[in-house]
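Asks: I'd like to go over a predicted model; first the sequence, then the structure.
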Amino acid sequence: MSQTVVNEATGTVYLAGQVPNDYSLDAKGQTKEVLGKIDTLLEEVGTDKSKLLQAQVWLKTMDDFGAVNEVWQSWVDKDNKPVRAAVEANMAHPDILVEVMVVASK
């Protein structure tokens, strides 16, 4: 599986869903880790969070939405907030609390 795919014709960057490495963290900690991974992947292909177009967020429980949203709001570029959806979902591992997938321009 690719972590990033870049459509050079359109300048669109697609990231695979990112999950935390440290499952022992709470929802805020997992979200910070995931967003850090997104920053790194975007940088590797020559873009950054200021060029996000779309984000999809999966939460193990919507009870964590407030905590995740707090971290998101402090991370996202204030001048370019992407469209975003957040849903509750069964995760690939029972200790994953959050997964985020983004699309950005280059």
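Replies: Alright, I've got the coordinates.
Asks: got the residue ranges for the helices in the chain?
Replies: Ranges of helices within the chain are 27-44, 65-75, based on DSSP state H.
Asks: Please point out which parts of the longest one sit buried.
Replies: When burial is assessed from 16 or more other C-beta atoms under 10 Å, helix 27-44 yields the following buried residues: 27-35, 37-38, 41-42. Just so you know, the C-beta spots here come from the backbone N, C-alpha and C atoms, and that holds for glycine as well.
Asks: Please enumerate residues in contact with that helix?
Replies: Around helix 27-44, the neighbours that count as contacts under C-beta atoms under 8 Å, 6 or more residues apart in numbering are 3-4, 13, 15, 18-23, 25, 48-49, 51, 59, 64, 67-68, 70-72, 75, 96-100, 102, 104.
Asks: and stretch 47-54, which residues are buried?
Replies: In stretch 47-54, residues buried by neighbour count (16+ other C-beta under 10 Å) are 47, 49, 51-52.
Asks: one step back: export the helices of the chain to CSV and tack on distance to residue 82?
Replies: Supplementary listing: the helices of the chain in CSV, determined by distance: least, C-beta to C-beta, whole Å:
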stretch, distance to residue 82
helix 27-44, 11
helix 65-75, 10
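Asks: returning to that earlier point: could you export the buried residues of helix 27-44 to JSON lines, including columns for distance to residue 91 and pLDDT?
Replies: JSON lines is the format used below for these (distance: C-beta to C-beta, whole Å; pLDDT from 0 to 100):
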{"residue": "27", "distance to residue 91": "12", "pLDDT": "98"}
{"residue": "28", "distance to residue 91": "17", "pLDDT": "98"}
{"residue": "29", "distance to residue 91": "16", "pLDDT": "98"}
{"residue": "30", "distance to residue 91": "11", "pLDDT": "98"}
{"residue": "31", "distance to residue 91": "14", "pLDDT": "98"}
{"residue": "32", "distance to residue 91": "17", "pLDDT": "98"}
{"residue": "33", "distance to residue 91": "15", "pLDDT": "98"}
{"residue": "34", "distance to residue 91": "12", "pLDDT": "98"}
{"residue": "35", "distance to residue 91": "17", "pLDDT": "98"}
{"residue": "37", "distance to residue 91": "16", "pLDDT": "98"}
{"residue": "38", "distance to residue 91": "17", "pLDDT": "98"}
{"residue": "41", "distance to residue 91": "20", "pLDDT": "98"}
{"residue": "42", "distance to residue 91": "23", "pLDDT": "98"}
